Structure formats: C-alpha cells, structure tokens
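**Student:** Let's see this in three dimensions:
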Amino acid sequence: MTARREVWITGVGLLTCLGEGLESVWSHLERGDPPPYDDKSFAPYVVHPLAPMSFDKQIPKKSDQRQMETWQRVGVYTAGLALSDAGIAGKPDLLDHTDMIVDAGGGERDIAVDTAILSGMRKVAEPAAFLNERLMRDLRPTLFLAQLPNLLAGNISLVHGVVGSSRTFMGEEGAGVDAVRVAQARIAAGQSELTLVGGSYHGPRWDVLFSFELTNSALKGKFAPVWDRGPQGGIAFATMGAFLVLESREHAQARGARPRGRISEVYSDRNLRKPGDIEASLRRQFAAVAPRVEHAHAAVISGASGLEPATSAELSVLKEFGLPVRNAGTYIGHGVDTQFAANIGIASAVLEHGKLFAPAGSGDSGATPPSLSQVVVTSVGNWRGEGLALVTRAE
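**Tutor:** Below you'll find the predicted structure:
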C-alpha cells in the first residue's frame with residue numbers, strides 16, 4: 001500500500017468583516033476587539049457585512065466585476081488572495097496544473113418576484129397550483145443555471161488562470177467540509193499536487209434572511225457571542241470569502257514554498273438530527289482523530305453557528321474532549337458553506353503565532369497550551385452535516 005502523503009496549506013485567502021488577508025483577521029482576533037456587526041440595515045436581523053473595499057486589486061477589469069454578483073466578486077477576490085499568498089499567482093507553469101474545488105451556495109434571488117408570489121398565495125384557493133404557475137412564468141430559464149457554484153469556479157479560472165481540473169460542491173456547511181475533505185484526500189493519495197479549495201457567501205441580503213426566517217434560524221434583535229444567544233439561538237450571517245491552497249509536501253518543497261500548516265485528517269458525517277444525533281456524530285469523529293491528538297499541545301476552533309440545539313450539543317461534546325476552545329464565528333459571523341475553510345485558515349494563523357486568540361463568550365475556555373502544535377476544527381451545520389479536521393504545524 002502506498003503511504004499517504006503530507007498535505008500542506010501553502011496559501012490562505014480570507015475576506016471577512018474584519019478585513020482582508022489572514023494577518024488582518026488575526027490582528028483583530030488576537031486583540032479581542034468587539035466584532036463589527038450591523039443590526040440596523042436589515043432590522044430586526046443582525047449581520048456581519050464587509051467593510052468598504054475595492055475589488056480592483058484582484059479583479060482589475062470592471063467588465064468582469066459587473067457581470068458578477070457580490071458573492072462571486074468576494075469569491076474571485078479571495079481566491080486571488082490565496083493564490084498570491086501561496087506564491088503561484090500569475091505563474092502559468094503552476095496554475096496550469098492547479099486543481100480547483102469550489103463550495104458555495106446559490107446566487108441572489110429576485111426578491112421582488114418572491115415577494116409577489118408569496119403575497120399572491122394568500123389570496124388564492126389553490127396555493128400549490130398558483131406557486132407552480134408563477135414560478136414557471138416569472139423566473140427566467142437562465143436564472144438558476146447562472147447561480148450555480150460552477151459560475152464562481154469559471155470566473156476564478158478566467159480571472160486568475162487556474163486551469164487544472166475543477167469540481168463544485170453545493171449544500172451549506174456540509175459542502176464546505178466535503179470540499180476540503182476531497183481536496184485533502186486527493187493530494188494525500190497522489191491524485192493531485194496542488195489544489196485551490198474554498199468558497200464565498202453573501203449573507204446580508206433579504207432573500208437569505210427570508211429563507212432562514214422560515215425556520216426561525218436568523219439572529220434577531222441584540223447581538224451576543226455565539227455561545228450566549230439563549231435557548232432559541234440564531235445565526236448572524238456574514239459576507240465572507242475563504243480559500244486555501246493545498247499542496248503535497250514534495251511539490252511545495254520543490255518550489256521552495258513555506259507551509260502555513262498541515263491538514264492531517266478530515267472527517268464528515270450526516271444524520272437525521274434526532275435528539276442525541278449531533279453528539280453521537282461528533283463523538284465518533286473525535287474518537288477517530290483522538291489517537292493523533294496530543295492533548296497537552298492541542299486546542300479546538302469551533303464552527304458552531306449559534307443556532308440551537310446544535311450549538312449546545314456541540315459544546316457538550318467539546319467539554320468531554322477537554323481541550324481549550326475558541327469560536328471565531330462571534331468575530332467573523334457565519335458564512336455557511338465558507339465557514340469551514342475560513343476556520344482552517346484561522347487555525348493555521350493560530351499555529352503560526354503559537355497561541356489562541358482572545359475568548360469571546362461563555363463557551364470559549366482554556367488558556368493556550370504549551371507548545372501549541374495542533375488545532376481541531378469542527379463544523380456543525382445549521383440543518384445537516386457535521387465535520388472535523390485536524391490541522392497541525394508543518395515541520
């Protein structure tokens with residue numbers, strides 16, 4: 001049996017409400033400054049918008065920007081940050097064999113059409129028939145095709161010249177976990193040398209908030225840390241981009257690339273979310289990774305969203321495992337498909353700086369362990385999907 005290869009993180013691109021680039025995000029996390037959020041523009045919902053910025057640095061053509069929605073511009077821009085961080089931007093000899101895995105949600109819906117349909121359904125005797133008729137008549141045939149994550153992957157290829165193999169994932173937090181899992185597994189197995197993986201999300205928009213309001217999932221009223229949002233809980237949706245450049249150790253060393261970290265393991269799961277299912281899933285994943293975790297030198301970055309009962313269920317398992325815990329979502333908000341890659345990027349910064357960032361909320365616990373060399377990154381989806389990655393210092 002061929003030995004599995006080491007998978008290094010050689011580039012990280014982040015774009016969040018804390019700014020652009022890993023160091024900008026880390027500086028805010030380290031200081032523990034109150035997170036920027038907006039509780040007025042979409043009141044009563046609380047969101048984390050991007051700070052004012054220009055996309056010109058990574059998407060120089062205005063014509064390219066105009067044909068992209070916000071989530072696509074964020075994704076293309078962040079992919080450029082990751083490629084630049086890895087030292088492969090503008091290098092066709094490397095980009096020609098850089099594979100790409102993109103995870104992202106659908107694009108922006110026509111809120112005027114949705115509102116008109118929902119208003120009309122209240123007035124008709126057969127709502128189901130009315131809905132089918134209006135959807136067929138009011139939605140343009142190209143709308144859904146134009147929103148697929150494939151379009152984001154295509155724009156990244158066109159703007160940045162990434163022309164290796166390409167695949168896309170769609171399916172909220174679980175898609176983000178599986179995108180990283182597949183990227184890591186392909187490199188470890190020798191099926192790829194260099195992969196760009198990640199995605200983008202634009203949460204502060206009415207169609208997203210409306211969709212999640214149907215399940216009473218969006219954070220409303222007053223901002224609070226992820227762990228302290230009460231029995232109902234709620235998600236503070238964010239605009240966020242997160243991409244990682246993953247690379248085999250041999251390939252990275254041959255071109256003199258420095259590692260930001262190493263992804264040793266990635267696990268994913270999915271269950272019916274009956275009482276106890278989340279806890280059972282996370283316990284299985286922690287049990288699988290436990291033989292490789294050095295408790296005296298490890299910590300956890302949680303991807304909990306603030307939604308209940310998932311947040312409390314995850315915290316109960318984290319307490320059982322007994323490692324120091326931090327949740328970045330309090331600071332950067334929740335990017336759904338994008339959250340897992342963002343937290344892995346932040347984990348690499350934790351390892352590079354050798355310390356945890358400032359705690360925020362009652363679930364953040366424990367001091368930085370001596371000689372911090374491992375971070376367990378978790379993800380529990382708002383509706384489905386549980387995942388875990390072990391990120392270690394690369395030597």
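**Student:** so what are the domain limits for the chain?
**Tutor:** Using automatic domain parsing, the domains assigned to the chain come out as 7-109+142-254, 264-392.
**Student:** Nearest to Ala125, out of those?
**Tutor:** domain 7-109+142-254 (22.8 Å; CB to CB). Using the backbone N, CA and C atoms, a C-beta is placed for each residue, glycine as well.
**Student:** Would you reformat the domains of the chain as JSON lines and include mean neighbour count and mean pLDDT?
**Tutor:** Converted to JSON lines, the domains of the chain look like this (neighbours: other CB atoms under 10 Å; pLDDT from 0 to 100):
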{"stretch": "domain 7-109+142-254", "mean neighbour count": "21", "mean pLDDT": "94"}
{"stretch": "domain 264-392", "mean neighbour count": "21", "mean pLDDT": "97"}
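**Student:** Tell me which of those domains lies nearest to Phe130.
**Tutor:** Using CB to CB, these put domain 7-109+142-254 closest to Phe130, at 18.1 Å.
**Student:** Dump the domains of the chain to a markdown table, plus distance to Ile117.
**Tutor:** Putting these into a markdown table (distance: least, CB to CB, whole Å) gives the following:
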| stretch | distance to Ile117 |
| --- | --- |
| domain 7-109+142-254 | 11 |
| domain 264-392 | 23 |
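**Student:** So for Arg134, which of those domains sits nearest?
**Tutor:** Checking the domains of the chain against Arg134 by CB to CB gives domain 7-109+142-254 as the closest, at 13.6 Å.
**Student:** for that closest one, the distance to its chain's centre please.
**Tutor:** Distance of domain 7-109+142-254 from the chain centroid (CA atoms, centre = their mean, to the nearest Å) equals 6 Å.
**Student:** on that earlier part again, which of the domains of the chain sits closest to Leu118?
**Tutor:** The nearest among those, by CB to CB, is domain 7-109+142-254 at 8.8 Å.
**Student:** End to end on that closest one, go ahead and measure it.
**Tutor:** Using CA to CA, to the nearest Å, the end-to-end distance of domain 7-109+142-254 comes to 14 Å.
**Student:** closest one to Met121 among the domains of the chain?
**Tutor:** Among these, domain 7-109+142-254 sits nearest to Met121 (CB to CB), with 13.4 Å.
**Student:** Going along the chain, name the helices of the stretch 251-395 of the chain.
**Tutor:** Applying DSSP state H, counting those that start in this stretch to the stretch 251-395 of the chain gives helices spanning 277-289, 310-321, 329-332, 339-353.
**Student:** okay, the angle between the first one and helix 310-321?
**Tutor:** Our comparison of helix 277-289 with helix 310-321, counting by axes from the mean of the first three to the mean of the last three CA atoms, to 10 degrees, yields an angle of 40 degrees.
**Student:** can I assume Met68 is in contact with Leu158?
**Tutor:** No: contact status for Met68 versus Leu158: not in contact, 10.5 Å apart, counting by CB atoms under 8 Å.
**Student:** For the chain, identify the residue most remote from the centre.
**Tutor:** In terms of distance from the mean C-alpha position of the chain, Ala125 ranks first, at 42.2 Å (CA atoms, centre = their mean).
**Student:** got a list of what that one touches?
**Tutor:** Ala125 sits next to no residue when contact means CB atoms under 8 Å, 6 or more residues apart in numbering.
**Student:** Look up how far Gly306 lies from it.
**Tutor:** Separation of Ala125 from Gly306 (CB to CB, to the nearest Å) stands at 40 Å.
**Student:** same question, Ala257
**Tutor:** Using CB to CB, we find Ala257 at a distance of 36 Å from Gly306.
**Student:** on that earlier part again, secondary structure element holding the residue farthest from the centre of the chain?
**Tutor:** Under DSSP states H and E, no helix or strand contains Ala125.
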